[in-house]
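>>> Provided below are the primary sequence and the corresponding predicted coordinates.
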Amino acid sequence: MSLSDALKEFVDVNRLQKGLDGIDVKEAWVKLMGNGVNSYTTNVQLKNTILYVQLSSSVLREELSYGKEKIINLLNEELGKPLIKKLVLN
């Protein structure tokens, strides 16, 4: 058994994939949104297929709300799988 297969089995047996996906989503958000958006981002959390993003700027929240579908597509493309189906900006 290769190390890769052993790690996958460990993740599956211990049901860790959901937690790992949450971390991957946070990293993808930081990478794709850049410093401007990240400086106003206070929390990023994936629950099931819904991504909740908390922003400290109401102006930025409104601006990003117009491009929700594009943001979802960019994040899913970065993650390599369709994890996010809905984006909620708080």
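In hand now; what should we look at? Quick caveat: nothing in here was measured; it's all calculated off a predicted structure.
>>> tell me which element residue 44 falls in.
Under the criterion DSSP states H and E, the helix or strand holding residue 44 is strand 41-47.
>>> now for that strand, which elements pack on it?
Identification of packing neighbours for strand 41-47 by 3 or more Cβ pairs under 8 Å, 6 or more residues apart in numbering; DSSP states H and E yields helix 17-38, strand 50-55. In short, each C-beta sits where N, CA and C put it, glycine included.
>>> buried residues in the first one?
Within helix 17-38, the residues that qualify as buried are 22, 24, 25, 26, 28, 29, 33, 37, counting by 16 or more other Cβ atoms under 10 Å.
>>> distance check, the second one against residue 30.
Taken as Cβ to Cβ, to the nearest Å, the spacing of residue 24 relative to residue 30 amounts to 11 Å.
>>> what does the strand holding residue 44 rub up against?
21-22, 25-26, 29, 33, 51-56, 83-84 (Cβ atoms under 8 Å, 6 or more residues apart in numbering).
>>> now do that strand and helix 17-38, the angle between them.
150 degrees (axes from the mean of the first three to the mean of the last three Cα atoms, to 10 degrees).
>>> returning to what we had before: any idea which of the helices and strands packed on strand 41-47 has the lowest pLDDT on average?
Note on these: helix 17-38 shows the lowest mean pLDDT, a mean of 81.
>>> cool, thanks, signing off.
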